[in-house]
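Q: prediction below, plus the sequence it came from.
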Amino acid sequence: MTQKLTPEQHLELYYFMQLNRQLEERLVRLFRQNKIVGGVYSSLGQEAVSVGTAYALNPGDWIAPMIRNIGSLLVRGVKPREVFTQHMAKYTSPTHGKDGTSHFGDLKVRHIVSPISMLGDLIPVMTGVAMAGRYLGQKIVAMTWIGDGGSSTGAFHEGLNFAAAQRAPFVLVLENNQWAYSTPVARQVPIRNLADRAKAYGIASKIVDGNDVLAVYQATRAAVNDCRAGRGPALIEVKTMRMKGHAQHDPAEYVPRDMFEYWKGRDPIARYEAYLTEHKLWDANKKSEIDERIERELNEDQKFAEESPLPLAEQAKEGVYCEGCHTIEAEWRRDKKELMPPVANVEAVWKIADFGGVRPELGPEAQVATQGNPAEPKRSPKPTASPDEEVAVENQQPIRVPFGRGPKDRVFERERQERQEKHAAKGPHPRHRRRKR
Amino acid sequence: MPEITMLEAIREALFEEMERDPTVVALGEDIGVYGGAFKVTEGLLAKYGPERVIDTPISETAIVGAACGMSYLGLRPVAEMQFIDFIACCFNQVTNFAAKSHYRWGAPVPMVLRGPSGGGVHGGPFHSANPEMYFVHTPGLKVVYPSTAYDAKGLLKSAVRDNNPVLFFEHKFLYRRVKEEIPPDDYTVPIGKAIVRREGRHLTIVSYAAAAHTSLEAAEVLAKEGIEAEVIDLRTLLPLDRDAILNSLKKTNKLLVVHEDTQTGGIAGEIAAIVCESGFDYLDGPIARVTALDTPVPYSPPLEAEFLPSVEKVAAAARELAQY
């Protein structure tokens, strides 16, 4: 179901995309003036991804942006001055000069987890955020982004698999911008659609035109809603194009020129401007009003950053440990007593639905169906409780092999009954006897 | 009070911390239904339920990553490495993500990463390691390595309550071999404080974990020969209790460091550097060390015995130093 956006929201999407682009253009200029001491990683051409995805979240949700998601930060309320000062290594930056670029966060107010440069690590981290949110009863969704390149890391697999096994409220935006530094997708991965990877984790996925901000927003909003309803994680592959090199130093000469031309014709901001005009959501006055606002805000924040001091040398040794400088408090949205003993007395033996064997009598297609892919139409439309709740209720672990569909499988059922009768005659298995307390 | 083992003391700490604070959760491979490979977490699931005792896939990176994420929402996760050797699989999450979080962007990671370590049980090259120094070399982490049941319980409680990522090494040779009476009250042992296990005046032996017991045994042997060794158990490797080492050295003027970790890059080197910088005038002899060999931990008993520091090796080194 699509979410209807108000005219103001339509214009807000434009504001954030244009702010993202103009901010980064200024970063490039500052870089050329040697006012940025480190790198600048352009997201030119990818603004619709950053903005459209983050716009689909609620204020209490959590994000962990990647290097090309400055647009997502802006949507979450980050001010351009924070981005300027970070790049310029100023003391006034969110990290006081300890780290650069988009490597900063905000735990308390905007719920942003800082990325690190090692790709894929944010996936297990945001899985933990999603699990903790559920644990505390917060009804939040956690979101992070990964590139086509980062999707080849081990952390990507470990994190996504764990998120899926936990049915964590976690949305992964797989931002396929065609290039991992200088290596094209086809050279990294032997599949055309990276969204196919979701099948291996049994989670929902979709593919979206990443240069259409409304399509990105709608797809993400639907995934976020599903996720919040307890249907487990989702992966959204957005197809887009990195229109610059990996970073400012890289002229991207390895990219075919006509590929740039192809994607230039699909520029997300130009397309969205045409859409707004066509649907009479704005006029020339409105556009210049927004553009002037952006110009004004950027002027002011750039000035602030340029006039800000660098950190003092002696601050280098500060802040390695938290010794009383932060208060750690969980925000409970459920009764803590639910988590204190006596909790359900869980027996020290698992319940395994169908004992996991190959079942040739069901044919190869049925084997695929038993993977329990929530993206398959067979899946129950009813929101599923967290696996943990389920264990507490039925003492059944989150192994979702749908043995429940088994009544049709008479052979197997008969075998099971025979086994039970045999066991009943013999008495409990010695190992089970030993485990009993 | 009956005597309990170090393993039971660790288990008690987990039970008591989970009872005290509902933000404490445990996660790891086979820790719930099975109760952990060494049964440290046995009974935890039955008491606290599957939301708080989470059986994970074999994914060390996912375990530590998720623990970091949980800690950002104010939980205090205690993650288990089934064997501490497997921490190599999540090295990046520990050293780049968790350790740098507070320094880089002011986000504390109140997480404990605990697991069985050390040799002497014929575990072979992948179930016997002492990888503590990788992490002692990582600012932002704390590294704790107790040698007694009392300390293990009190230090684990301190680790859970600490606002930083704490690596908690549990020497598996000691799990069921050391026993003592533990007071019934809710006590803690401070992180970063060494303890004098035995007073002496002829030389100082600095050690930790199983090697601390080896050192104490050697001290008994030496005492019969008239050599009184002072034995310091570091208990915490990061932050290191420099004062405890220097104060003892002031008294004995001779220093022997004993550890089960391999020699090159082991903490003995760091301690020697500290003493050279801040205690050179106290020295009446060379700084000596007895450590494991610079090899992987071998499997076969005679090889492993050769690899590990022994009472004989420690006593011989101490004798030589005392006579210097």
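A: Arrived safely.

Q: where does residue A:117 fall, secondary structure wise?
A: In this assignment (DSSP states H and E), residue A:117 forms part of neither any helix nor any strand.

Q: could you check how far it is from residue A:101?
A: Distance, residue A:117 to residue A:101, using C-beta to C-beta, to the nearest Å: 9 Å. Glycine gets a C-beta too; all of them are placed from N, C-alpha and C.

Q: need the overlap of contacts for those two.
A: Taking C-beta atoms under 8 Å, 6 or more residues apart in numbering or on different chains as the contact rule, residue A:117 and residue A:101 both touch residue A:67.

Q: who has more neighbours, those two?
A: Taking residue A:117 and residue A:101 together and counting by other C-beta atoms under 10 Å in any protein chain shown, residue A:101 has the greater number of neighbours (19 against 11).

Q: now the strands: where do they sit in the stretch 251-400 of chain A?
A: Remark: strands of the stretch 251-400 of chain A are absent; assignment by DSSP state E, counting those that start in this stretch.

Q: oh, that last question was meant for the stretch 101-250 of chain B, not what I typed.
A: Counting by DSSP E, counting those that start in this stretch, the strands of the stretch 101-250 of chain B are B:112-117, B:142-144, B:166-171, B:179-181, B:195-198, B:203-207, B:229-233, B:236-238.

Q: for those, which one sits closest to chain A?
A: Counting by C-beta to the nearest C-beta, chain A lies closest to strand B:142-144 out of these; the figure is 7.7 Å.

Q: could you pull up phi and psi at the closest residue in space to residue A:240 that isn't next to it in sequence?
A: Nearest non-adjacent residue to residue A:240, counting by C-beta to C-beta, 6 or more residues apart in numbering or on different chains: residue A:210, 3.2 Å away. Note on residue A:210: its backbone torsions stand at phi -70, psi -10 [degrees, to the nearest 10].

Q: just give the number of residues close to residue A:210.
A: So residue A:210, with other C-beta under 10 Å, has 30 neighbours.

Q: any idea of the pLDDT on it?
A: Note on residue A:210: pLDDT of 98.

Q: with residue A:351 instead?
A: Looking at residue A:351, the pLDDT reads 82.

Q: what about the residue in the stretch 151-300 of chain B positioned nearest to chain A, how many residues nearby?
A: Closest residue of the stretch 151-300 of chain B to chain A, C-beta to the nearest C-beta: residue B:163 (4.0 Å). The tally of other residues near residue B:163 (other C-beta under 10 Å) stands at 20.

Q: quick one: it from residue B:249, how far?
A: Using C-beta to C-beta, residue B:163 is found at 32 Å from residue B:249.

Q: circling back to that earlier point, and the residue nearest to residue A:240, what does it touch?
A: With contact taken as C-beta under 8 Å, 6+ apart, residue A:210 is in contact with A:46, A:48, A:49, A:175, A:176, A:177, A:216, A:238, A:239, A:240, A:268.

Q: so which pair among those residues is furthest apart in space?
A: Spatially, the most separated pair among these is A:176 and A:268, at 14.4 Å (C-beta to C-beta).

Q: spell out which residues of the stretch 1-150 of chain A are next to chain B.
A: Counting by C-beta under 8 Å from any C-beta of the partner chain, the stretch 1-150 of chain A comes close to chain B at A:94-95, A:98-99, A:103-105, A:107, A:113-114, A:116-118, A:121-133, A:135-136, A:138, A:142.

Q: among the residues you listed, name the ones in helices.
A: Here DSSP state H is the test, and those give A:122-133, A:135 as lying in helices.

Q: let me know the closest of those to residue B:24.
A: Here the nearest of those to residue B:24, counting by C-beta to C-beta, is residue A:135; it sits at 11.3 Å.

Q: nearest residue to that closest one in space, please, no chain neighbours.
A: Spatially, and ignoring its direct neighbours in sequence, residue A:135 is nearest to residue B:51 (6.1 Å; C-beta to C-beta, 6+ apart).

Q: hmm, residue A:132 and the one you found touching each other?
A: No: contact criterion C-beta atoms under 8 Å: residue B:51 and residue A:132 do not qualify, at 10.9 Å.

Q: who has more neighbours, these two?
A: Neighbours were counted for residue B:51 and for residue A:132 using other C-beta under 10 Å; residue A:132 has more, 27 against 20.

Q: show me the contacts for the more buried one.
A: A:330, B:69, B:70, B:72, B:73, B:74, B:75.

Q: by neighbour count, which of the residues you listed wins?
A: Neighbour count (other C-beta under 10 Å) singles out residue B:69 as the most crowded of those, with 34 neighbours.

Q: sticking with that one, tell me its helix or strand.
A: Per DSSP H and E: helix B:60-72 holds residue B:69.

Q: same for the next helix or strand after that helix, what does it pack against?
A: Later in the chain than helix B:60-72, the nearest helix or strand by DSSP H and E is strand B:76-80. Strand B:76-80 makes packing contacts with helix B:6-20, strand B:24-28, helix B:60-72, strand B:112-117, helix B:149-161 when contacts are defined by 3 or more C-beta pairs under 8 Å, 6 or more residues apart in numbering or on different chains; DSSP states H and E.

Q: just the ones you listed: most buried one?
A: Greatest average neighbour count among these goes to helix B:60-72 (a mean of 30), per mean count of other C-beta atoms under 10 Å in any protein chain shown.

Q: centre of the chain to that helix, how far?
A: Remark: helix B:60-72 is offset 21 Å from the chain centroid, using C-alpha atoms, centre = their mean, to the nearest Å.

Q: which other helices and strands contact that helix?
A: helix A:122-135, helix A:154-166, strand B:24-28, strand B:76-80.

Q: please work out the average pLDDT along it.
A: Averaged across helix B:60-72, the pLDDT comes to 98.

Q: between it and helix A:122-135, how many degrees?
A: Helix B:60-72 runs at 50 degrees relative to helix A:122-135, counting by axes from the mean of the first three to the mean of the last three C-alpha atoms, to 10 degrees.
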